[in-house]
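Novice: fold the following.
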Amino acid sequence: MHQVSNESKNLGSLIGLVPMPESDSELNKIFKAVQASGIEIPNLYRVLGYSPSMLRAWLDFAWPLRLNAGTPRSIRELLILRGAQRSRIEYEWVHHVPMALEAGVSQEKIDALSDWEKSNLFNPMERSVLQLADEMADGPASSSCVIALKDYFDDPSVVELVLTASFYICVGRFLQSMQVELE
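Specialist: Down below sits the predicted model:
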(Lines give C-alpha, C1' and ligand atoms only; values in the text may rest on other atoms or scores of the structure.)
Protein backbone atom coordinates (compact mmCIF):
# COMPACT_ATOMS: atom_id res chain seq x y z
CA MET A 1 0.00 0.00 0.00
CA HIS A 2 1.42 3.37 -1.01
CA GLN A 3 1.47 6.23 1.45
CA VAL A 4 0.55 9.73 0.33
CA SER A 5 3.50 12.06 0.73
CA ASN A 6 2.97 15.51 2.20
CA GLU A 7 3.95 16.87 -1.22
CA SER A 8 1.14 15.06 -3.02
CA LYS A 9 -1.55 15.11 -0.34
CA ASN A 10 -4.76 16.64 -1.69
CA LEU A 11 -3.06 17.58 -4.94
CA GLY A 12 -4.61 16.19 -8.07
CA SER A 13 -7.40 14.10 -6.53
CA LEU A 14 -9.30 13.27 -3.37
CA ILE A 15 -6.54 10.91 -2.26
CA GLY A 16 -3.62 12.79 -3.73
CA LEU A 17 -1.21 11.51 -6.33
CA VAL A 18 0.96 8.50 -5.72
CA PRO A 19 4.57 9.71 -5.45
CA MET A 20 6.73 8.90 -8.43
CA PRO A 21 8.41 5.63 -7.46
CA GLU A 22 12.16 5.59 -7.05
CA SER A 23 12.69 1.89 -6.55
CA ASP A 24 12.42 -1.07 -8.87
CA SER A 25 8.80 -1.59 -7.84
CA GLU A 26 5.97 -2.84 -10.02
CA LEU A 27 4.63 0.72 -10.22
CA ASN A 28 8.03 1.99 -11.33
CA LYS A 29 8.09 -0.60 -14.13
CA ILE A 30 4.61 0.43 -15.27
CA PHE A 31 5.46 4.14 -15.22
CA LYS A 32 8.71 3.53 -17.12
CA ALA A 33 6.77 1.63 -19.82
CA VAL A 34 4.30 4.51 -20.12
CA GLN A 35 7.12 7.05 -20.38
CA ALA A 36 8.94 4.87 -22.94
CA SER A 37 5.87 5.19 -25.17
CA GLY A 38 6.37 8.96 -25.15
CA ILE A 39 3.64 9.78 -22.64
CA GLU A 40 4.19 11.80 -19.48
CA ILE A 41 2.52 10.18 -16.49
CA PRO A 42 -0.92 11.79 -16.26
CA ASN A 43 -2.65 12.45 -12.95
CA LEU A 44 -5.13 9.71 -13.79
CA TYR A 45 -2.34 7.13 -13.76
CA ARG A 46 -0.88 8.62 -10.58
CA VAL A 47 -4.20 8.04 -8.83
CA LEU A 48 -4.62 4.56 -10.31
CA GLY A 49 -1.01 3.92 -9.24
CA TYR A 50 -2.17 3.39 -5.66
CA SER A 51 -3.21 0.00 -6.94
CA PRO A 52 -0.48 -1.05 -9.40
CA SER A 53 -2.32 -4.24 -10.39
CA MET A 54 -5.43 -2.21 -11.29
CA LEU A 55 -3.33 0.34 -13.20
CA ARG A 56 -1.73 -2.53 -15.14
CA ALA A 57 -5.18 -3.98 -15.93
CA TRP A 58 -6.41 -0.51 -16.93
CA LEU A 59 -3.51 -0.01 -19.34
CA ASP A 60 -3.83 -3.52 -20.73
CA PHE A 61 -7.45 -2.71 -21.57
CA ALA A 62 -7.25 0.97 -22.52
CA TRP A 63 -4.23 0.98 -24.80
CA PRO A 64 -5.34 -1.82 -27.16
CA LEU A 65 -8.80 -0.24 -27.22
CA ARG A 66 -7.21 3.05 -28.24
CA LEU A 67 -4.42 1.79 -30.50
CA ASN A 68 -5.38 -1.63 -31.88
CA ALA A 69 -9.08 -1.33 -32.64
CA GLY A 70 -10.17 -1.88 -36.23
CA THR A 71 -12.54 1.07 -36.41
CA PRO A 72 -11.05 4.37 -37.60
CA ARG A 73 -9.33 6.26 -34.82
CA SER A 74 -11.04 9.48 -35.93
CA ILE A 75 -14.45 7.88 -35.36
CA ARG A 76 -13.46 6.61 -31.93
CA GLU A 77 -12.08 10.03 -30.95
CA LEU A 78 -15.35 11.71 -31.97
CA LEU A 79 -17.15 9.14 -29.82
CA ILE A 80 -14.85 9.79 -26.85
CA LEU A 81 -15.06 13.57 -27.18
CA ARG A 82 -18.83 13.58 -27.42
CA GLY A 83 -19.09 11.30 -24.39
CA ALA A 84 -16.73 13.58 -22.45
CA GLN A 85 -18.73 16.60 -23.51
CA ARG A 86 -22.07 15.07 -22.54
CA SER A 87 -20.67 13.88 -19.21
CA ARG A 88 -18.88 17.19 -18.59
CA ILE A 89 -15.47 15.53 -18.15
CA GLU A 90 -12.98 18.32 -18.83
CA TYR A 91 -9.99 16.06 -18.11
CA GLU A 92 -11.01 13.58 -20.82
CA TRP A 93 -11.87 16.38 -23.24
CA VAL A 94 -8.53 18.15 -22.86
CA HIS A 95 -6.57 14.91 -23.26
CA HIS A 96 -8.51 13.71 -26.30
CA VAL A 97 -8.79 16.90 -28.39
CA PRO A 98 -5.12 16.62 -29.48
CA MET A 99 -5.62 12.90 -30.17
CA ALA A 100 -8.68 13.66 -32.30
CA LEU A 101 -6.81 16.32 -34.26
CA GLU A 102 -3.90 13.92 -34.78
CA ALA A 103 -6.38 11.29 -35.99
CA GLY A 104 -7.69 13.70 -38.63
CA VAL A 105 -10.76 15.16 -36.96
CA SER A 106 -11.02 18.81 -37.94
CA GLN A 107 -11.18 21.56 -35.35
CA GLU A 108 -14.41 22.64 -37.05
CA LYS A 109 -16.00 19.27 -36.24
CA ILE A 110 -14.73 19.36 -32.68
CA ASP A 111 -16.24 22.82 -32.28
CA ALA A 112 -19.56 21.58 -33.71
CA LEU A 113 -19.90 18.54 -31.43
CA SER A 114 -22.15 20.26 -28.91
CA ASP A 115 -24.77 20.79 -31.63
CA TRP A 116 -23.91 17.89 -33.93
CA GLU A 117 -27.52 17.04 -34.71
CA LYS A 118 -28.00 20.43 -36.42
CA SER A 119 -24.58 20.54 -38.07
CA ASN A 120 -24.02 19.54 -41.69
CA LEU A 121 -20.37 18.67 -40.96
CA PHE A 122 -21.04 15.08 -39.89
CA ASN A 123 -21.74 12.28 -42.33
CA PRO A 124 -24.34 9.56 -41.59
CA MET A 125 -21.71 7.15 -40.22
CA GLU A 126 -20.39 9.79 -37.80
CA ARG A 127 -23.95 10.66 -36.80
CA SER A 128 -24.63 7.05 -35.87
CA VAL A 129 -21.54 7.07 -33.63
CA LEU A 130 -22.44 10.41 -32.07
CA GLN A 131 -25.93 9.07 -31.33
CA LEU A 132 -24.24 6.15 -29.57
CA ALA A 133 -22.16 8.59 -27.49
CA ASP A 134 -25.25 10.56 -26.52
CA GLU A 135 -27.22 7.49 -25.51
CA MET A 136 -24.33 5.92 -23.60
CA ALA A 137 -23.82 9.15 -21.64
CA ASP A 138 -27.34 8.72 -20.27
CA GLY A 139 -27.43 4.94 -19.87
CA PRO A 140 -27.36 1.94 -22.17
CA ALA A 141 -27.65 2.41 -25.91
CA SER A 142 -31.01 1.57 -27.41
CA SER A 143 -31.43 -1.39 -29.72
CA SER A 144 -32.26 0.98 -32.56
CA CYS A 145 -29.00 2.87 -32.01
CA VAL A 146 -26.90 -0.31 -32.08
CA ILE A 147 -28.78 -1.59 -35.12
CA ALA A 148 -28.19 1.75 -36.89
CA LEU A 149 -24.44 1.30 -36.38
CA LYS A 150 -24.68 -1.92 -38.42
CA ASP A 151 -25.49 0.18 -41.51
CA TYR A 152 -21.86 1.35 -41.44
CA PHE A 153 -19.92 -1.15 -39.35
CA ASP A 154 -19.52 -4.91 -39.16
CA ASP A 155 -20.27 -6.76 -35.91
CA PRO A 156 -16.69 -6.64 -34.54
CA SER A 157 -16.64 -2.87 -35.14
CA VAL A 158 -19.99 -2.39 -33.41
CA VAL A 159 -18.57 -4.26 -30.41
CA GLU A 160 -15.48 -1.99 -30.44
CA LEU A 161 -17.58 1.16 -30.59
CA VAL A 162 -19.95 0.17 -27.80
CA LEU A 163 -17.01 -1.01 -25.71
CA THR A 164 -15.12 2.24 -26.37
CA ALA A 165 -18.13 4.32 -25.37
CA SER A 166 -18.61 2.19 -22.25
CA PHE A 167 -14.96 2.34 -21.24
CA TYR A 168 -14.69 6.10 -21.58
CA ILE A 169 -17.89 6.57 -19.58
CA CYS A 170 -16.12 4.49 -16.92
CA VAL A 171 -13.02 6.69 -17.23
CA GLY A 172 -15.15 9.78 -16.76
CA ARG A 173 -16.97 8.38 -13.74
CA PHE A 174 -13.65 7.45 -12.14
CA LEU A 175 -12.20 10.90 -12.84
CA GLN A 176 -15.28 12.57 -11.36
CA SER A 177 -15.52 10.30 -8.34
CA MET A 178 -11.86 10.70 -7.46
CA GLN A 179 -11.86 14.38 -8.45
CA VAL A 180 -8.73 13.90 -10.53
CA GLU A 181 -7.45 17.32 -11.52
CA LEU A 182 -6.15 18.16 -14.94
CA GLU A 183 -2.36 18.47 -15.11
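Novice: show me where the chain dips below the pLDDT cut-off.
Specialist: Counting by pLDDT under 70, the chain contains low-confidence ranges at 1-12.
Novice: ok, longest helix in it?
Specialist: helix 155-178 (DSSP state H).
Novice: what helices or strands is that helix leaning on?
Specialist: Packing partners of helix 155-178 (3 or more Cβ pairs under 8 Å, 6 or more residues apart in numbering; DSSP states H and E): helix 43-48, helix 52-67, helix 73-87, helix 90-102, helix 124-138, helix 143-149. The C-beta positions use only the backbone N, C-alpha and C, and glycine is treated the same way.
Novice: could those go into CSV alongside mean neighbour count?
Specialist: Converted to CSV, the helices and strands packed on helix 155-178 look like this (neighbours: other Cβ atoms under 10 Å):
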stretch, mean neighbour count
helix 43-48, 22
helix 52-67, 14
helix 73-87, 23
helix 90-102, 17
helix 124-138, 19
helix 143-149, 15
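Novice: can you put those helices in CSV and add distance to A112?
Specialist: CSV is the format used below for the helices and strands packed on helix 155-178 (distance: least, Cβ to Cβ, whole Å):
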stretch, distance to A112
helix 43-48, 27
helix 52-67, 23
helix 73-87, 10
helix 90-102, 12
helix 124-138, 10
helix 143-149, 20
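Novice: show residues contacting the longest helix of the chain.
Specialist: If you take Cβ atoms under 8 Å, 6 or more residues apart in numbering as the criterion, helix 155-178 is touched by 13-15, 44, 47, 61-62, 65, 69-71, 75-76, 79-80, 83-84, 87, 89, 91-92, 129, 132-133, 136-137, 141, 146, 149-150, 153, 180.
Novice: equivalent analysis for stretch 21-28, please.
Specialist: The contact list for stretch 21-28 (Cβ under 8 Å, 6+ apart) reads H2, V18, F31, G49, P52, S53, L55, R56.
Novice: could you redo the last one with a cut-off of 10 Å?
Specialist: Stretch 21-28 has contacts (Cβ atoms under 10 Å, 6 or more residues apart in numbering) with 2, 18-20, 29-32, 45-46, 48-53, 55-56.
Novice: on that earlier part again, which positions in the longest helix of the chain come out as buried?
Specialist: 157-162, 164-165, 167-169, 171-172, 174-175, 178 (16 or more other Cβ atoms under 10 Å).
Novice: so which of these comes closest to M99?
Specialist: For those, the minimum distance to M99 (Cβ to Cβ) is 11.7 Å, reached by Y168.
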